[in-house]
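Chemist: kindly return the folded structure for what I paste below:
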Amino acid sequence: MRPKVSIITPFFNAESLISKLIENIQAQTSEDWELLMIDDDSVDGGGSIAKKIASGDSRINVLNSPEDRNEKTRIGPWYARNYGLKNAKSDLVAFLDVDDLWHPQKLELQLELHENPNVHVTYTNYFTFDLSTGIINDYREFPPLLSFKSFLSHNPIPISTSMIKKSLTGRGFAPTFLEDYCFWLEVAKKINGEGIHNVNKTLCYYGEHPKNRNKNKFRSLIHSYHAYLEAGFGSMESKLCCLKWIFYHSCRIMKSKIPKKSLEFTTIDNHISFFYNR
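Modeler: Predicted coordinates:
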């Protein structure tokens with residue numbers, strides 16, 4: 001019998017994160033899942049830790065990225081995610097990066113939305129937290145519904161918050177730096193932005209550390225331009241999207257200067273213990 005959802009997690013040299021990540025998934029209130037962990041050529045002990053835990057839980061499958069690939073496929077997580085999609089057994093797919101975590105009710109509440117056949121993609125709000133301390137830094141809230149236009153200035157669906165029908169994943173992730181943004185552009189274009197719903201609850205925790213890839217905004221703009229091109233936009237349309245990108249992020253920078261109200265929760269452990277009433 002197929003599980004309700006396949007969770008895809010690539011990892012590379014993440015020895016210190018593996019155990020907590022798997023424990024976090026095993027704590028989900030919905031237990032009907034499979035976890036595909038793709039070891040992307042790690043040279044530390046992360047793969048061994050994952051396989052040891054998997055030996056005691058049949059829902060976990062640790063895969064090694066194929067050895068016969070070229071150097072281009074070894075840049076970023078796009079290839080490992082595609083390998084996970086290729087091996088996923090479920091009709092629904094969720095992605096969880098190894099440095100992120102989920103609230104225990106995440107899968108349960110998203111699966112409830114996906115019982116509606118008109119729902120194609122779901123996503124959630126999230127907290128950012130310091131990966132070394134577990135202290136919450138910020139809170140991101142997203143619109144209840146997204147349209148195709150929502151994707152033309154920024155990526156409105158952080159990958160670890162998402163769940164999607166596998167049939168919509170198409171070619172999967174392209175070999176670009178912003179592979180997740182390109183992925184959502186293609187998905188949104190395919191369904192014309194229909195059926196993309198926010199659970200309207202904070203169910204994901206985005207781990208921040210010095211190696212996060214999108215800190216340099218100028219570099220992110222250049223990568224966004226290439227993501228537009230890779231997703232099938234023409235040169236002029238891609239440049240117009242970049243202007244929208246600049247306007248959106250300029251507004252975000254100005255908004256960040258406004259003092260924020262204090263957060264109700266200070267650590268992710270505080271929030272993980274919080275129960276959402278339906």
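Chemist: which parts of stretch 85-103 are buried?
Modeler: Within stretch 85-103, the residues that qualify as buried are 85, 88, 90, 92-103, counting by 16 or more other C-beta atoms under 10 Å. Where you see a C-beta, it was placed from the backbone N, CA and C, and this is true even at glycine.
Chemist: L35: neighbour count?
Modeler: The criterion is other C-beta atoms under 10 Å. On that basis, L35 has 25 neighbouring residues.
Chemist: I'd say it and I53 touch.
Modeler: No: shown here, L35 and I53 do not form a contact pair, counting by C-beta atoms under 8 Å, at 9.8 Å.
Chemist: what is in contact with those two at once?
Modeler: Taking C-beta atoms under 8 Å, 6 or more residues apart in numbering as the criterion, L35 and I53 both touch 22, 60.
Chemist: list the contacts for W33?
Modeler: W33 neighbours (C-beta under 8 Å, 6+ apart): 3-7, 25, 59, 90, 107.
Chemist: give me that answer again for 6 Å
Modeler: Neighbour list for W33: 3, 5, 7 [criterion: C-beta atoms under 6 Å, 6 or more residues apart in numbering].
Chemist: contacts for the host helix or strand of R252 next, please.
Modeler: Assigned by DSSP states H and E, R252 falls within helix 235-256. Identification of contacts with helix 235-256 by C-beta under 6 Å, 6+ apart yields 152-154, 221, 224-225, 228-229.
Chemist: any of those buried? List them.
Modeler: 152-153, 224-225, 228-229.
Chemist: now for the residues you listed, which pair is the farthest apart?
Modeler: The span of those, defined through C-beta to C-beta, is set by S153 and L229 at 16.0 Å.
Chemist: L185 against F151, yeah?
Modeler: Yes: taking C-beta atoms under 6 Å as the contact criterion, L185 and F151 are neighbours in contact, 5.5 Å apart.
Chemist: returning to what we had before: now the buried ones among the contacts of helix 235-256 in TSV, with secondary structure, pLDDT and distance to K217?
Modeler: Below are those laid out as TSV (DSSP: H, G, I helix; E, B strand; the rest coil; pLDDT from 0 to 100; distance: C-beta to C-beta, whole Å):
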residue	secondary structure	pLDDT	distance to K217
L152	coil	95	17
S153	coil	94	13
S224	helix	94	10
Y225	helix	94	13
Y228	helix	95	16
L229	helix	94	19
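Chemist: before we move on, back to that, now flag whichever of the buried residues of stretch 85-103 is closest to G195.
Modeler: Within these, the smallest distance to G195 is 13.2 Å, found for L92 (C-beta to C-beta).
Chemist: what bridges to the closest one?
Modeler: Counting by DSSP bridges, L92 forms beta bridges with V5, K165.
Chemist: surely it is in contact with V5?
Modeler: Yes: with contact taken as C-beta under 6 Å, L92 and V5 are classed as touching, separated by 4.5 Å.
Chemist: shouldn't N61 be within a strand?
Modeler: Yes: N61 forms part of a strand when assessed by DSSP: H, G, I helix; E, B strand; the rest coil.
Chemist: pull the residues that contact stretch 92-106.
Modeler: With C-beta under 6 Å, 6+ apart as the contact definition, stretch 92-106 has outside contacts at 5-9, 11, 14, 17, 21, 24, 27-29, 114, 131, 159-160, 162-164, 166, 203-207, 276.
Chemist: return the helix or strand in the protein with minimum mean pLDDT.
Modeler: helix 217-230 (a mean of 90; mean pLDDT, DSSP states H and E).
Chemist: backbone dihedrals for D97, both of them.
Modeler: Here the main-chain torsion angles of D97 (degrees, to the nearest 10) amount to phi -70, psi 150.
Chemist: distance of it relative to L21?
Modeler: Taking C-beta to C-beta, to the nearest Å as the measure, D97 and L21 are separated by 9 Å.
Chemist: burial count for G56?
Modeler: By the measure other C-beta under 10 Å, the count of residues near G56 is 7.
Chemist: can you give me how far stretch 76-86 is from the chain middle?
Modeler: Averaging C-alpha positions (C-alpha atoms, centre = their mean, to the nearest Å) puts stretch 76-86 13 Å from its chain's average.
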